[in-house]
Structures are given as C-alpha cells and as structure tokens.
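A.B. asks: missing the sequence, but the structure's below:
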C-alpha cells in the first residue's frame, strides 16, 4: 500500500512529507521530474483543477496506471519540488507549487503546460 | 573512438547524422535531454557561441568529462532534437536547434537558459 493518499501510518498523520525548500529547487531535477508523459499529465491536471486527492489525480490526469506507478510519479514530483503534498487526517492532497516554480524558473511551467502531445 | 567530431567513418562523411524532424519533437524527450547539468552547460555554451566543433564544445561548456561521456551527452542532445550536427569533411559541428525548439515549445529554451545553478 503506497499511493500517497492512502491512510498515513499511525503517528505520521501530522508529519509533513519531504519536500525541498523553495530556494533549493534544482532545474535538472525539476526537468527530470517533468520528463515523463504520465507526470506531465498529472501536472496538467493539477494546473486545471488545483489541489486534488492523490488517488483522484490519477483519474483526473486520465492515467490508467497502477497504484505503484502512480505513487512513484507522485513521489518524483513531490521530491523534485514540482508538487506540494498536504496531509489532512489520514489522507493526502497534492497541488502544484506554481509560485515556487515560477519564482525559481520563470515561464518554465507555462511553457510546459502550453504543450499538447500530438501523437 | 566516438566523440562526435572525430573523423567520420569512410563513406559516411557526407551522411547526415540522425535527428528528429522539427514536427516530431517531443516534450518529454526534450526535457529528459535537458535534465542533466552537463547537457545544460553544453546548451548554454551553444546558445552563447553558436555552432561549435564537438570537441571544443566540451571545453566551451567548462566540462571536464571524458570523451565517452561527452559523446553520450551530444548524442542525447542530438537525438532529442535539441541540437543539430553538421558534418563537414571529416569533422562534426554542433549547434542549437533554437528555431525548431522555439516553434515547438515557445519560451522553454529561454526559461532553461535563464537559470543559473546556485550550488
């Protein structure tokens, strides 16, 4: 069990998940996080719908991947600083760190979001 | 021997190296190509100096990597469509495909080039 919105382990419900500070965002790491069609779909979904429950963001993004793949994508996005994960009770909610990204890499997110896969 | 500006194999001097057409550039592939500090340094060097002989672009980018690593970086950049490689006689020259990139992903390259590593 590891989709990020699953029930948090006992005693960890109030613990923030690991995310880099805004002044530690690193371009190669962020680009690597974005360099995947599934993660790009998640980022696009979050840009459109705002904060979303982690399981639902998979549906929202139109992904048909399994739980472990979705968990992996969400972990990569969170650890790179692309997304913020908020724990509320036993659930987790994910959102784009748009302000942090725009501040660290002006216009990058807009350039990425403007792209539409033509395949 | 495989740095891209080494002497081209006999009979291949006039053969164009494999590069994707402008209308086949793919954002995840381009982001993956850019998601490396060494390749970002090469892209920045090419943005500043224009076309460069493949061996010299390593120096220009301030890289101290070996030939095989430089070859790998140049191959990834070329195959993703970030760079164009021109064969002249027995040497190869590399340049940014700025127009193609700007057309496919407006503002992406500028956003990437604007970043300076603070580490």
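C.D. replies: Great, that's in hand. It should be emphasised that the depicted structure is a prediction, and the values quoted were computed from it without experimental measurement. Numbers count the residues shown, from 1 in each chain, chains lettered A, B, ... in the order given.
A.B. asks: Give me every residue in chain A lying close to chain B.
C.D. replies: Contact residues, chain A versus chain B (C-beta under 8 Å from any C-beta of the partner chain): A:26-29, A:31-32, A:34-37, A:40, A:104-108, A:110-112, A:114-115, A:117, A:119. From N, CA and C alone the C-beta is placed, and that goes for glycine too.
A.B. asks: What subset of those is buried?
C.D. replies: Burial by neighbour count, 16 or more other C-beta atoms under 10 Å in any protein chain shown: within the residues of chain A next to chain B this picks out A:26-29, A:31-32, A:34-36, A:40, A:104-105, A:107-108, A:110-112, A:115.
A.B. asks: Narrow those to those in helices?
C.D. replies: When DSSP state H is applied, these are split such that A:27-29, A:31-32, A:34, A:40, A:104, A:108, A:110-112 fall in helices.
A.B. asks: Turn those residues into TSV, columns for pLDDT and distance to residue A:48.
C.D. replies: Listed next are these as TSV, based on pLDDT from 0 to 100; distance: C-beta to C-beta, whole Å:
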residue	pLDDT	distance to residue A:48
A:27	97	24
A:28	97	27
A:29	97	24
A:31	98	22
A:32	98	23
A:34	98	16
A:40	97	13
A:104	96	22
A:108	97	18
A:110	95	14
A:111	95	17
A:112	96	14
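A.B. asks: residue boundaries of the helices in chain A?
C.D. replies: Taking DSSP H, the helices of chain A run over residues A:27-34, A:37-49, A:54-60, A:67-80, A:98-104, A:108-114.
A.B. asks: weakest of these by average pLDDT?
C.D. replies: Ranked by mean pLDDT, the helices of chain A bottom out at helix A:54-60, with a mean of 92.
A.B. asks: Report the buried residues of it.
C.D. replies: Within helix A:54-60, the residues that qualify as buried are A:54-55, A:57-58, A:60, counting by 16+ other C-beta under 10 Å.
A.B. asks: do the same with stretch A:64-71
C.D. replies: A:70-71.
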